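Participant: got a predicted structure plus its sequence, pasted below:
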Amino acid sequence: MSNYYDAFEMSPVPTPGPDAVAPELCRGIYGMPAFPTIPTGDLAASTDFWVRGLGFFELFSIPGTLVHLRRWAFQDVLLVSAAETPAQPPAMSVSFSCVLNQIDPLVEACRAVRPNSVDGPRDTPWNTRDVEVITPENARIIFTAGKPFDPASQEARNLAAIGITPPGSRPSDNEEHV
């Protein structure tokens, strides 16, 4: 028995598929459940890359101190002015969801702003297509898009091996007890 359940209604991320449409940019004010704070020595250059390359928009700023960026709901980033920034990208990364039809334009946009910033795209064993981007601040950012689910695929077998199966493929807890 698994404790997993379908909770997609909580997320702005659409169901993966060739026709998946990205949600609109979210301009609402809410309590942010999680967000990275990224130090930068050049707020203007960093903001430009995140906006033109990564598709974020500037929600608000405190001049010379902070820029609050956002894409979809719950995809917030704070760029903060700092005297020093990391010389090398860390092993750790921050991931943001996107849809498959955003991957190629994102790669092109990042390369147009900063030519050597992108690695990928590449497909993962957990059924996503990912692009790794190194930002001007040396942050390691992953954009990840769910691929359409193929029940006969190796990715489906990988997920099933850890107890994650598609809705309707196994009885619910209540059905098991009837």
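Facilitator: Good, I have the coordinates. Residues are numbered from 1 along each chain as shown.
Participant: kindly export the lengthiest helix in the chain (C-alpha atoms) in CSV.
Facilitator: Secondary structure of the chain per DSSP state H: the longest helix is helix 100-113. The C-alpha coordinates for helix 100-113 follow below in CSV (Å, rounded to 0.1, in the frame of the first residue of the first chain):
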residue,chain,number,x,y,z
LEU,A,100,7.7,20.9,-23.0
ASN,A,101,7.1,23.6,-25.6
GLN,A,102,9.0,26.2,-23.4
ILE,A,103,12.2,24.2,-23.4
ASP,A,104,13.6,25.1,-26.8
PRO,A,105,12.7,28.8,-26.6
LEU,A,106,14.2,29.0,-23.1
VAL,A,107,17.5,27.5,-24.4
GLU,A,108,17.5,29.9,-27.3
ALA,A,109,16.7,32.9,-25.1
CYS,A,110,19.4,32.0,-22.5
ARG,A,111,22.0,31.5,-25.3
ALA,A,112,21.1,34.8,-26.9
VAL,A,113,21.7,36.7,-23.6
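Participant: now do the buried residues in it.
Facilitator: 100, 102-103, 106-107, 109-110, 113 (16 or more other Cβ atoms under 10 Å). Heads up, the C-betas are built off the backbone N, CA and C, glycines and all.
Participant: likewise stretch 52-66?
Facilitator: For stretch 52-66, by 16+ other Cβ under 10 Å, it's 53-56, 59.
Participant: now the strands for this structure?
Facilitator: 37-40, 57-62, 66-70, 76-81, 94-98, 118-123, 128-134, 140-146 (DSSP state E).
Participant: low-confidence ranges, this structure, go.
Facilitator: Scanning the chain for pLDDT under 70 picks out 1-2, 4, 6, 167-178.
Participant: bridging residues for the most centrally placed residue in it?
Facilitator: The C-alpha lying nearest the average C-alpha coordinate of the chain belongs to F96 (Cα atoms, centre = their mean; 1.0 Å). Using DSSP bridges, the bridge partners assigned to F96 are F143.
Participant: correct me, but V133 touches I141?
Facilitator: Yes: judged on Cβ atoms under 8 Å, V133 makes contact with I141 at a distance of 4.6 Å.
Participant: any residues in contact with both of the two?
Facilitator: L54 (Cβ atoms under 8 Å, 6 or more residues apart in numbering).
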